[in-house]
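Enquirer: this one's sequence-less:
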C-alpha cells in the first residue's frame with residue numbers, strides 16, 4: 001500500500017509536513033523505497049531478507065536503522081507517527 005499526497009487525511013489547524021513513500025530502486029542489497037517529507041528526500045526504507053529498515057537521510061549502514069519491522073504497512077505508520085510534523 002502506497003500513500004500519496006492526495007490520500008493523506010486533512011490536517012486542520014496543524015502545519016504538518018506530508019510524509020510519502022515512493023518505490024526507488026532495486027539493487028543486490030534489496031529494494032529501496034524513498035521517503036519524502038514535504039516533497040524533499042527525508043530517508044529510505046530498505047527491504048532486505050524479509051525485514052524493512054528505515055534510515056534517515058542516506059545513512060543505510062547495517063545495524064543503524066532508525067526503525068524496522070517485518071511488515072511494511074506497520075513500518076510506514078511508525079515512520080509517520082514518529083516523524084510527521086517534526
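Expert: On my side now, so go ahead. Model, not experiment: these values are computed from the prediction.
Enquirer: surely residue 49 and residue 31 touch.
Expert: No: between residue 49 and residue 31 there is no contact under CB atoms under 8 Å: 11.3 Å. From N, CA and C alone the C-beta is placed, and that goes for glycine too.
Enquirer: looking at these two, which has the bigger crowd around it?
Expert: Shown here are residue 49 and residue 31; by other CB atoms under 10 Å, residue 31 has more neighbours (14 against 8).
Enquirer: partner residues bridging that one?
Expert: Per DSSP bridges, the residues bridged to residue 31 are residue 26, residue 47.
Enquirer: so what's it up against?
Expert: 23-25, 46-48 (CB atoms under 8 Å, 6 or more residues apart in numbering).
Enquirer: mark which of those are buried, thanks.
Expert: Buried subset of these (neighbour count, 16 or more other CB atoms under 10 Å): 46-47.
Enquirer: pLDDT and distance to residue 76 for the contacts of residue 31 - can I get that in a markdown table?
Expert: Shown next, in a markdown table, are the contacts of residue 31 (pLDDT from 0 to 100; distance: CB to CB, whole Å):
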| residue | pLDDT | distance to residue 76 |
| --- | --- | --- |
| 23 | 91 | 13 |
| 24 | 90 | 15 |
| 25 | 89 | 18 |
| 46 | 92 | 14 |
| 47 | 91 | 12 |
| 48 | 86 | 17 |
